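Participant: Quick one, fold the following:
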Amino acid sequence: MGLETENPVEFLTRARTAVISYNETQKSLTKQREAEKQASRALDQAKRDMHDKTEKTLKAREAEITASYDQQIKEVEARLKKATALREKAKNEGIKGRIQAETEPLRTENKELKRQAGTVLSQDHAPIFTHTGLFYWLFKPSGFKEILIFILTFLLAFAVIPIGIYYMIPSRQSLYLVPIYLVDIILLGGLYLFINGQTNGRHREAISMARGLRNQIKANRRKIRAIAHAVQTDANEEGYHLQEYDDDIAKAQQDRTDIITQKQSAENTFATVTRNIITDEIESAARSDIERLAAEFSSATKARSALETEEKEQALRLSGEFEQFLGKKHMNVKDIDTIRHMLDKQEAISIVDAVSKLDHPAK
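Facilitator: The predicted structure is shown next:
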């Protein structure tokens, strides 16, 4: 026979002690599991902090290196831009001076031709209107441009103006076009014939001579434009004295190349050497704390594992020694005390009888 029948009070006392011990172990295990989680979180946080600090420091150092060289490159490019602008300005001034020099004879000749044309017209007492370019466009055109101006002026006078007047009439009718055209032809046509008679009619020879001189001026102007175009497209820059600017540009370009090379070298050194040094320094500074936290986590893990083992062993003992007699639902201090009270009061003759009465209380 077992202790449960020979000495049920002792059996219940042991069961009660075992249940209390098991409950305490469970509480300790719950606390230890929480302590292990906190230790794990603290260790993970320390590692994240070290990683974040490393990345932030590396990023800042790399940005400082890049910013320093970028600033130097920016300053050199500003020098290069200024030197290029000064060279372009000097070249343009040289081109302008060369054009001025090479076209000076033609421009001087044009001034003389213009003076001669004015003299011819003045000596013939031609109207002042004959001294203007508009007169020759309208009354003695020569060349494609002047003929085109003459045609456009003709269309304006005898097409656009009368049609415009017609459309300005509120209640217009097609019959109105006839008198409008007649008035337009009489006024503008008559004015044109009158001016032509007073100029070409009376001063034909002087105007023809002036026309010839003006044609020479036009020819000279074409030559001037041709010379200017040839000078502007000439690739030879020797006569512009640009060597000083070229030297400044070459120096700025070389300085920029040197700085870019230095920047690439510094970035390469940072990536292969400095980066590792900074990382090692930060990890060394944080190593003691991480090792301490790792030790605490390891200790907490071992303690939790030991408590889990103890809890399993106690659970097996409760199941093997007491639960088969008391029942799983009665494995608590309250029910055990109730069973003992029933035995003490002789309300039950045995543990099994007491458990049965707890399970099936009398009605």
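Participant: Every contact and neighbour count from this point should use C-alpha atoms.
Facilitator: Fine.
Participant: for this structure, longest helix please?
Facilitator: helix 8-123 (DSSP state H).
Participant: chain center to it: distance?
Facilitator: 11 Å (C-alpha atoms, centre = their mean, to the nearest Å).
Participant: I'd like to know the average pLDDT value across that helix.
Facilitator: Average pLDDT, helix 8-123: 92.
Participant: and the next element down the chain from it?
Facilitator: helix 133-139 (DSSP states H and E).
Participant: which residue ranges form the helices in the stretch 101-250 of the chain?
Facilitator: Shown for the stretch 101-250 of the chain, the helices assigned by DSSP state H, counting those that start in this stretch span residues 133-139, 144-155, 161-168, 177-184, 190-196, 204-233, 243-269.
Participant: got the CA positions of the fifth one in PDB?
Facilitator: If I follow you right, that is helix 190-196. Listed next in PDB are the C-alpha coordinates belonging to helix 190-196 (Å, rounded to 0.1, in the frame of the first residue of the first chain):
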ATOM      1  CA  GLY A 190      -2.600 110.300-109.000                       C
ATOM      2  CA  LEU A 191      -0.300 111.100-106.100                       C
ATOM      3  CA  TYR A 192       2.200 108.500-107.300                       C
ATOM      4  CA  LEU A 193       2.100 109.900-110.900                       C
ATOM      5  CA  PHE A 194       2.500 113.400-109.600                       C
ATOM      6  CA  ILE A 195       5.500 112.600-107.400                       C
ATOM      7  CA  ASN A 196       7.100 110.600-110.300                       C
END
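Participant: How many residues are close by E296?
Facilitator: 19 (other C-alpha atoms under 10 Å).
Participant: wait, I meant I351
Facilitator: If we define neighbours as other C-alpha under 10 Å, then I351 has 22 of them.
Participant: picking up where we left off before, would you mind telling me which of the helices of the stretch 101-250 of the chain is nearest I20?
Facilitator: Nearest to I20, of all those, is helix 243-269, at 66.5 Å by C-alpha to C-alpha.
Participant: Packing partners of that closest one?
Facilitator: When contacts are defined as 3 or more C-alpha pairs under 8 Å, 6 or more residues apart in numbering; DSSP states H and E, helix 243-269 sits against helix 8-123.
Participant: R16 and N332, how far apart?
Facilitator: Here the criterion is C-alpha to C-alpha, to the nearest Å. By it, R16 lies 7 Å from N332.
Participant: Give me the more crowded residue out of the two.
Facilitator: R16 (20 against 16).
Participant: Might one say that M50 is in contact with A286?
Facilitator: Yes: look at M50 against A286 with C-alpha atoms under 8 Å: they come within range, at 6.7 Å.
Participant: Look at the two and report which has more neighbours.
Facilitator: M50 (19 against 15).
Participant: who touches the more buried one in this structure?
Facilitator: I282, E283, A286 (C-alpha atoms under 8 Å, 6 or more residues apart in numbering).
Participant: In helices, which of those residues fall?
Facilitator: Under the assignment DSSP H, the contacts of M50 contribute I282, E283, A286 to helices.
Participant: what's the domain layout of the chain?
Facilitator: 3-83+253-359, 101-250 (automatic domain parsing).
Participant: Can you read off the pLDDT for R287?
Facilitator: For R287, pLDDT reads 90.
Participant: Likewise for the one 5 residues further on?
Facilitator: R292 carries a pLDDT value of 92.
Participant: Quick check: it vs A42, distance?
Facilitator: Distance from R292 to A42, by C-alpha to C-alpha: 11 Å.
Participant: neighbour count winner among these two?
Facilitator: A42 (17 against 12).
Participant: Count the neighbours of the nearest residue to the more buried one once chain neighbours are set aside for me.
Facilitator: Nearest non-adjacent residue to A42, counting by C-alpha to C-alpha, 6 or more residues apart in numbering: L293, 7.0 Å away. L293 has 20 neighbouring residues, counting by other C-alpha under 10 Å.
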